[in-house]
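1. Everything below, folded, please.
(one chain, ligands or ions: 1)
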Amino acid sequence: HGSPAWATERDPLQVINFPVVQLHMSLMAMRASQKDFENAMNQVKLLKKDPGNEVKLKLYALYKQATEGPCNTPKPGVFDLISKAKWDTWSALGSLPKETARQNYVDLVSSLSSSSKSSGQVEPGADRKPPGYETLVVTSEDGITKIMLNRPTKKNAMNRQMYHEIMLALEAASKDDSRITVITGNGDYYSSGNDLTNFTDMASGKVEELAKNSAILLRNFVGCFIDFPKPLVAVVNGPAVGISVTTLGLFDAVYSTDRATFHTPFSHLGQSPEGCSSYTFPRIMSPSKATEMLIFGKKLTAREACAQGLVTEVFPDSTFQKEVWTRLKAYAKLPPNAMRISKEVIRNKEKEKLHAINAEECSVLQERWLSDECMNAVMNFLSRKAKL
Ligand SMILES: CCCCCC/C=C/C(=O)SCCNC(=O)CCNC(=O)[C@H](O)C(C)(C)COP(=O)(O)OP(=O)(O)OC[C@H]1O[C@@H](n2cnc3c(N)ncnc32)[C@H](O)[C@@H]1OP(=O)(O)O
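-> Numbers count the residues shown, from 1 in each chain. Predicted structure coming up:
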């Protein structure tokens with residue numbers, strides 16, 4: 001078996017590179033639990049699917065802790081993004097005993113192997129099933145297709161897979177027999193916006209190419225919202241950040257819990273507005289209120305966002321789900337063609353303009369992602385120096 005592509009590609013966290021071979025010989029002579037450890041290291045090489053940078057970092061740190069004990073190397077320089085991420089993860093394990101680290105490594109690999117097996121196995125009749133989503137839960141009932149962002153432990157941060165899956169889910173919802181489409185989040189956040197580890201790739205060789213690909217992804221993603229034909233409703237179940245806020249300007253209604261906040265810290269991140277917010281926000285609010293959000297990164301409460309027109313209505317958190325879904329189910333009984341045509345009449349005039357704005361925002365961002373301001377901000381978050 002060859003190593004999976006992600007273990008050999010020039011990925012910044014490939015890095016991690018699982019130094020299986022060096023360890024192999026020394027482990028042969030050790031006890032049974034170390035045999036498990038050795039097996040786990042071999043299993044890592046057989047994983048069909050890239051487990052993602054965060055998991056690879058965890059594997060790296062547990063491996064180092066299991067074999068060398070607590071982090072004992074000097075902290076890498078601030079611009080050595082990758083070594084620093086590795087150092088931070090290892091050092092965060094503190095004085096975790098070697099045996100525990102070894103066990104945790106084995107457990108983590110075992111969970112990865114079983115999830116990759118279960119997704120790879122072909123079940124009877126599986127060919128008739130719609131494709132599953134890894135980052136979303138999509139359900140359809142009572143005339144409503146609900147697309148739920150489902151990375152609660154990451155505050156529903158949007159990784160590349162989630163962008164792709166949202167596009168697929170919107171495409172499917174535009175064609176299914178539901179009348180209204182809802183986007184909401186699982187857990188305490190609606191979404192913390194772009195997954196900042198999407199940018200760790202930027203540290204690798206082909207930064208320009210990666211920035212270009214990200215801009216294309218973003219443009220396609222936002223394009224799906226611009227073109228979505230049915231009433232699109234956001235059920236904002238908790239705080240929203242970045243792109244999960246800006247795209248709200250492209251929804252037809254936004255219902256929010258009073259616990260939510262709305263935050264677009266683009267300047268803090270060395271970035272610039274997207275999701276057509278450079279156009280929609282000044283219109284929805286006023287140019288100066290939009291400036292406070294989009295340039296100065298002012299975080300709005302749900303009530304403030306409602307007063308400024310970004311949110312349609314705010315509900316007390318205790319009754320939020322019940323009230324919103326009762327209302328949506330009633331709306332979903334309205335004649336579907338009338339709703340669709342009304343949306344067309346309201347939105348179509350703007351579509352061309354919105355696509356042009358989207359293209360422009362993405363091209364500006366493509367440059368921004370290569371700036372020191374942006375790189376440093378992402379690095380600070382990843383090294384746990386900065387939160388919003
Ligand atoms: C293809 C590219 C398209 C680009 C589109 C352009 C989009 C731009 C934007 O969306 S800009 C906004 C980006 N978002 C942020 O900057 C938010 C960063 N997150 C935070 O500041 C905080 O996590 C928080 C305030 C959202 C929540 O803080 P707290 O309640 O203290 O929770 P934790 O920080 O412990 O978070 C739990 C867990 O989730 C991980 N996480 C949260 N948000 C993100 C994120 N945006 N990207 C990556 N990871 C995130 C966090 O690291 C923790 O992980 P861990 O448990 O440590 O493994």
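2. Identify the residues contacting whichever residue of the chain sits closest to the ligand.
-> Nearest residue of the chain to the ligand (Cβ to the nearest ligand atom) works out as Gly242 at 2.1 Å. C-betas here are computed from N, CA, C, even on glycine. Taking Cβ atoms under 8 Å, 6 or more residues apart in numbering, we find Gly242 in contact with Ser191, Ser192, Gly193, Asn194, His263, Thr264, Pro265, Phe266, Leu269.
3. Ranking by neighbours, what's the top pick from those?
-> Thr264 (31 neighbours; other Cβ atoms under 10 Å).
4. Now do the same contact list for that residue.
-> Counting by Cβ under 8 Å, 6+ apart, Thr264 touches Val241, Gly242, Val245, Thr246, Pro273, Ser277, Met293, Leu294, Gly297.
5. residues in this structure within reach of the ligand, list them.
-> Within the chain, the positions near the ligand by Cβ under 6 Å from any ligand atom are 54, 154-155, 157, 160, 192-198, 214, 217-218, 241-243, 269, 271, 274, 381, 387-388.
6. Of the residues you listed, which belong to strands?
-> Cross-referencing the residues of the chain next to the ligand against strands under DSSP state E gives Val241.
7. Give me the buried entries from the residues of the chain next to the ligand.
-> Buried members of the residues of the chain next to the ligand, counted by 16 or more other Cβ atoms under 10 Å: 54, 154-155, 157, 160, 192-198, 214, 217-218, 241-243, 269, 271, 274, 381.
8. rewinding a little: with pLDDT as added columns, please give the contacts of Gly242 in a markdown table.
-> Output for the contacts of Gly242, formatted as a markdown table (pLDDT from 0 to 100):
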| residue | pLDDT |
| --- | --- |
| Ser191 | 98 |
| Ser192 | 98 |
| Gly193 | 98 |
| Asn194 | 96 |
| His263 | 98 |
| Thr264 | 98 |
| Pro265 | 97 |
| Phe266 | 96 |
| Leu269 | 94 |
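9. And the helices in the stretch 151-300 of the chain, which stretches?
-> Counting by DSSP state H, counting those that start in this stretch, the segments of the stretch 151-300 of the chain that form helices are 160-175, 207-227, 243-246, 277-284, 287-294.
10. for the shortest one, what is the average pLDDT?
-> This means helix 243-246. In this model, helix 243-246 has an average pLDDT of 98.
11. Just the CA trace of it, in PDB.
-> The C-alpha atoms that make up helix 243-246 are tabulated as PDB, following Å, rounded to 0.1, in the frame of the first residue of the first chain:
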ATOM      1  CA  ILE A 243     -19.400  35.000   5.900                       C
ATOM      2  CA  SER A 244     -22.300  33.500   7.800                       C
ATOM      3  CA  VAL A 245     -23.300  37.200   8.500                       C
ATOM      4  CA  THR A 246     -22.600  38.700   5.100                       C
END
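12. Would you mark the buried spots in it?
-> Ile243, Ser244, Val245, Thr246.
13. For the first one, give me its contacts.
-> Right, the one you point to is Ile243. The neighbours of Ile243, taking Cβ under 8 Å, 6+ apart as the test, are Met158, Ser191, Gly193, Asn194, Leu218, Glu274, Gly275.
14. any weak-confidence spans in the stretch 201-350 of the chain?
-> Scanning the stretch 201-350 of the chain for pLDDT under 70 picks out 201-205.
15. give me that answer again for 90
-> 201-210 (pLDDT under 90).
16. Phi, psi for Asp317 please.
-> In terms of degrees, to the nearest 10, the main-chain angles of Asp317 are phi -60, psi -40.
17. what does Ser286 give?
-> Main-chain torsions, Ser286, degrees, to the nearest 10: phi -160, psi 160.
18. how many other residues sit next to the residue lying closest to it once chain neighbours are set aside?
-> Using Cβ to Cβ, 6 or more residues apart in numbering and skipping the chain neighbours, the partner closest in space to Ser286 is Gln308 (7.9 Å). Neighbours of Gln308 under the rule other Cβ under 10 Å: 18.
19. Would you mind measuring from Gln308 to Ser318?
-> The spacing between Gln308 and Ser318, counted by Cβ to Cβ, to the nearest Å, is 24 Å.
20. count of residues packed around Ile216?
-> The number of residues packed near Ile216 is 12, by other Cβ under 10 Å.
21. What of Ile346?
-> 10.
22. Likewise for Lys86?
-> Per other Cβ under 10 Å, the neighbour tally for Lys86 reads 22.
23. Three-state assignment for it, please.
-> For Lys86, the secondary-structure state derived from DSSP: H, G, I helix; E, B strand; the rest coil is helix.
24. Does it touch Ala61 like I think?
-> Yes: contact criterion Cβ atoms under 8 Å: Lys86 and Ala61 qualify, at 7.3 Å.
25. Buried residues, stretch 273-293. List them.
-> 273-281, 284-285, 289-290, 292-293.
26. And for stretch 308-317?
-> Of the residues in stretch 308-317, Gln308, Leu310, Val311, Thr312, Val314, Phe315 count as buried by neighbour count, 16+ other Cβ under 10 Å.
27. what does stretch 138-157 give?
-> Using 16+ other Cβ under 10 Å as the test for burial, stretch 138-157 gives 138, 143-151, 154-157.
28. I'd like to know how far Val222 sits from Leu365.
-> 11 Å.
29. Find the residues that touch each one of these two.
-> Common contact partners of Val222 and Leu365 (Cβ under 8 Å, 6+ apart): Glu274.
30. so who does the residue nearest the centre of the chain touch?
-> For the chain, Met158 is the residue whose C-alpha lies nearest the centre (Cα atoms, centre = their mean; 1.4 Å). With contact set as Cβ under 8 Å, 6+ apart, Met158 has these partners: Leu149, Ile166, Ser191, Gly193, Asn194, Asp195, Ile243, Ser244.
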